[in-house]
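S.K.: Let me see the structure of the following:
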Amino acid sequence: MTMSEDDARRGKTPTVGSGGEASDAEWTARRADLAERIAAQRARVDGSAAPERKQGGLQGLGEGLRLASEFVAGVLVGAGIGYLIDLALGSTPIALVIFLMLGFAAGVLNILRSVGKTPPAKG
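M.R.: Predicted structure coming up:
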């Protein structure tokens, strides 16, 4: 088994078991050392250790329902405005179709704004 450059820099010598392979204790020590180095690197880059993700809970469900309601509200408001314009003018449902599409676009834009991914401004 050959020594890695990192082990050589640290002055370590590999432990060789039967058959020229590293022993289980060697692999366990290497994994622990790697985990420590990764944690130290994350702390140096992030300024703190990696935050633990919370398992379960209803926060994700609430966020999803809020985004869905913003989208549906945009579509319904657009359709409602189009319907009222068609009703007032006594026309075919052309305003309903136009404002339904505008409501769809507004709903998508609201979702993008909520998640922080707004499209770039033109101009």
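
S.K.: Domain parsing of the chain, as residue ranges.
M.R.: Per automatic domain parsing, the structural domains of the chain span 5-46, 59-115.

S.K.: Switch the ones you listed over to JSON lines; also include mean pLDDT.
M.R.: Shown next, in JSON lines, are these (pLDDT from 0 to 100):
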{"stretch": "domain 5-46", "mean pLDDT": "76"}
{"stretch": "domain 59-115", "mean pLDDT": "92"}
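
S.K.: winner for burial among those?
M.R.: Most buried of the domains of the chain, by mean neighbour count (mean count of other CB atoms under 10 Å): domain 59-115, with a mean of 15. For glycine as for every other residue, the C-beta is placed from the backbone atoms N, C-alpha and C.

S.K.: That domain: how far from the chain's middle?
M.R.: 26 Å (CA atoms, centre = their mean, to the nearest Å).

S.K.: which secondary structure elements does the longest helix anywhere in the chain contact?
M.R.: If you go by DSSP state H, the chain has its longest helix at helix 59-89. Judged by 3 or more CB pairs under 8 Å, 6 or more residues apart in numbering; DSSP states H and E, helix 59-89 is in contact with helix 94-115.

S.K.: Run through the neighbouring helices and strands of the helix it packs on.
M.R.: If you count contacts as 3+ CB pairs under 8 Å, 6+ apart, helix 94-115 packs onto helix 59-89.

S.K.: The helix it packs on vs helix 94-115, what angle?
M.R.: 160 degrees (axes from the mean of the first three to the mean of the last three CA atoms, to 10 degrees).

S.K.: Need the outlier residue of this structure, farthest from its centre.
M.R.: Taking CA atoms, centre = their mean, the residue of the chain most remote from its mean C-alpha position is G90, at 47.2 Å.

S.K.: Now do it against G78, distance only.
M.R.: Separation of G90 from G78 (CB to CB, to the nearest Å): 20 Å.
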